[in-house]
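[1] What shape does this take:
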Amino acid sequence: MLFRKSKKSKAQQESVLPPSSSQESMATEAKSIDDGLSSGSRPIAIDCLPITKAAQRALLQPPHGFVSRRIDADAWTPPNLWSLSKRGKRSKRIDYLFVLIGIAVGVLASGAVIGLGIFGFMSGQHNYCLALDEQFDGPLNTNLWTREVQVGGFGNKEFEWTTASSNNSYTKDGLLYITPTLTADLIGEDAVTNGYTVNLTQSGECTASHVPWMDRTNNNDIRMASIRNADVNCQISSNQTLGTVIPPVQSARLTTNSSFSMRYGRVEVRARMPTGDWLWPAVWMMPRDSVYGEWPKSGEIDLFEGKGNVATSRDQQLSNTMRSSLHWGNDAGSDQYMKTSTVSTLWRKLWNDDFHTFGLEWDEHGIWTWRDTRARRVLNVRFNEPFINKMPLAQLNAAGIMVPPPNPWSKSNNTGAPFDQEFYLILNLAVGGTNGYFADRGQPWSNDDPRAAGVFWNQRASWLPSWGSVEKRSMVIDYVKAWKRC
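    Next up, the predicted model:
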């Protein structure tokens, strides 16, 4: 639609709306305009000039407020002029370079560790064949396992009498049980402390070789009593006056000494360990022929050793801790096992809570043990140098003169000697002892007391309640497996 042009001046044409109109009147006019447009009526002409709806709305908007472009002083951070200088830039480049070098070294070190681990793992792989698979599905295989019977306490002066009785070692539901019992249940409490003699030589039960008594106490009364019972491993008498007692606990020690041994290979034992004060479970190996001499010259391999006492604080190494060790040296006084011994701890659990698998890997390059998986190593000893090099540089001889230690492994060219000979397996549950495995602190006997076994028995009210049921105080073995090189 065409409109007639107005003949008003240019200034009048530019002034479409009165500049002095109030905002309220402007809004009223805008509403009327909207109403007119929505009703389909003709566009409103102001002074006969057409204006669009959008233009009218733009004219009716209030003016925008002023926006300052000044920088807030509190939000302004002055530039680090030194970092922009030549020296500053050079220093930043050096810092970046150190960071990059550190990252590169870390990556290379990680790669080296991973590579050495893979190399060690691959170098330890051998072609093994299963040589022993004992599942304990039937009666105890006495062709494989020998029950050691003696009363001497072995080298640790333990307090148990190891027996061949089915009360102390038996199979049930595919499991081997090694269970401690009280000697008093067999012979009576009075006989334990006085007037009773055990003579395993006479009964033909003793499995120990004849070992003459050796005085460690300098106690003449006990010396004379022991001379009367010259073979202390097979004979013992209780005497209340002397303080000697029959071993107050009966237990078991099973070995493969006469049936199975190995030189290099792999061993796995799945077992649940006991809880109870002063119980001492162990899975270990001893040399079959002791080619380098008496213990510890020919070595000892401890796959697992534990303690039955329940830990009462985090730093205690008791029923939640295992130890793997190698024993070696010139004599008992110079046993160097602490140089080749490691502990592994279960946090918030005990070895009695469930079955665990304990493993051993052994070749001419070293020995390492693990628990539950091969990735969880406990002990790792490499045969990189002869064991004589790990000995002290000098030791006192009988004359009190410092001399280099003798080398009992000089006849071997293997750096792994004495761990280069046949070893057999041992499963046992010991009780107490005076060799120091149980520290004097907290135990009811003194390791220096020749009457320690009697003191232990007299204090039974302090430890016997902790032994609990048969399931709790028994060492229970699910299986024993061994592999040799094919």
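[2] residues in contact with the residue nearest the centre of the chain?
    By Cα atoms, centre = their mean, the mean C-alpha position of the chain lies nearest to residue 344, the distance being 3.3 Å. Counting by Cβ atoms under 8 Å, 6 or more residues apart in numbering, residue 344 touches 321-324, 371, 376, 378. All C-beta atoms are positioned from the backbone trio N, CA, C, and that covers glycine.
[3] Helices of the stretch 151-300 of the chain, start to end?
    184-187, 189-193, 200-203, 220-228 (DSSP state H, counting those that start in this stretch).
[4] hang on, the earlier thing: can you classify the residue nearest to the centre of the chain as helix, strand or coil?
    Following DSSP: H, G, I helix; E, B strand; the rest coil, residue 344 is assigned to strand.
[5] Helix or strand: which one has the spatially closest residue to it that is not a sequence neighbour?
    Spatial nearest neighbour of residue 344, chain neighbours left out: residue 378 (4.5 Å); criterion: Cβ to Cβ, 6 or more residues apart in numbering. Using DSSP states H and E, residue 378 sits in strand 377-382.
[6] Sketch out the low-pLDDT regions of the stretch 101-250 of the chain for me.
    116-125, 209-230 (pLDDT under 70).
[7] let's go with 50 and repeat that
    Counting by pLDDT under 50, the stretch 101-250 of the chain has low-confidence residues at 211-229.
[8] Buried members of the contacts of residue 344 into ChimeraX, please.
    One line in ChimeraX is enough to select the buried ones among the contacts of residue 344; burial here means 16 or more other Cβ atoms under 10 Å:
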select :321,322,323,324,371,378
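[9] how about CSV for the contacts of residue 344, with distance to residue 231, secondary structure and pLDDT added?
    Output for the contacts of residue 344, formatted as CSV (distance: Cβ to Cβ, whole Å; DSSP: H, G, I helix; E, B strand; the rest coil; pLDDT from 0 to 100):
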residue, distance to residue 231, secondary structure, pLDDT
321, 36, strand, 90
322, 34, strand, 94
323, 31, strand, 96
324, 33, strand, 98
371, 39, strand, 95
376, 44, coil, 93
378, 37, strand, 97
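[10] ok, of the contacts of residue 344, which one's closest to residue 458?
    Checking the contacts of residue 344 against residue 458 with Cβ to Cβ, the nearest one is residue 321 at 28.4 Å.
[11] who does the closest one bridge with?
    residue 345 (DSSP bridges).
[12] What of residue 287?
    residue 423.
[13] mind checking pLDDT for it?
    Among the per-residue scores, residue 287 shows a pLDDT of 97.
[14] show me the contacts for it.
    The contact partners of residue 287, by Cβ under 8 Å, 6+ apart, come to 298-300, 418, 421-423.
[15] what are the pairing partners of the strand holding residue 378, and which direction each?
    Strand 377-382 is paired, per DSSP bridges, with strand 366-371 (antiparallel).
[16] Filter the contacts of residue 287 down to the buried ones, ChimeraX style.
    A single ChimeraX command is used to select the members of these judged buried by 16+ other Cβ under 10 Å:
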select :298,299,300,418,421,423
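[17] Any chance of a markdown table for the contacts of residue 287, columns distance to residue 439 and pLDDT?
    Below are the contacts of residue 287 laid out as a markdown table (distance: Cβ to Cβ, whole Å; pLDDT from 0 to 100):
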| residue | distance to residue 439 | pLDDT |
| --- | --- | --- |
| 298 | 27 | 97 |
| 299 | 25 | 98 |
| 300 | 21 | 98 |
| 418 | 28 | 98 |
| 421 | 32 | 98 |
| 422 | 34 | 98 |
| 423 | 29 | 98 |
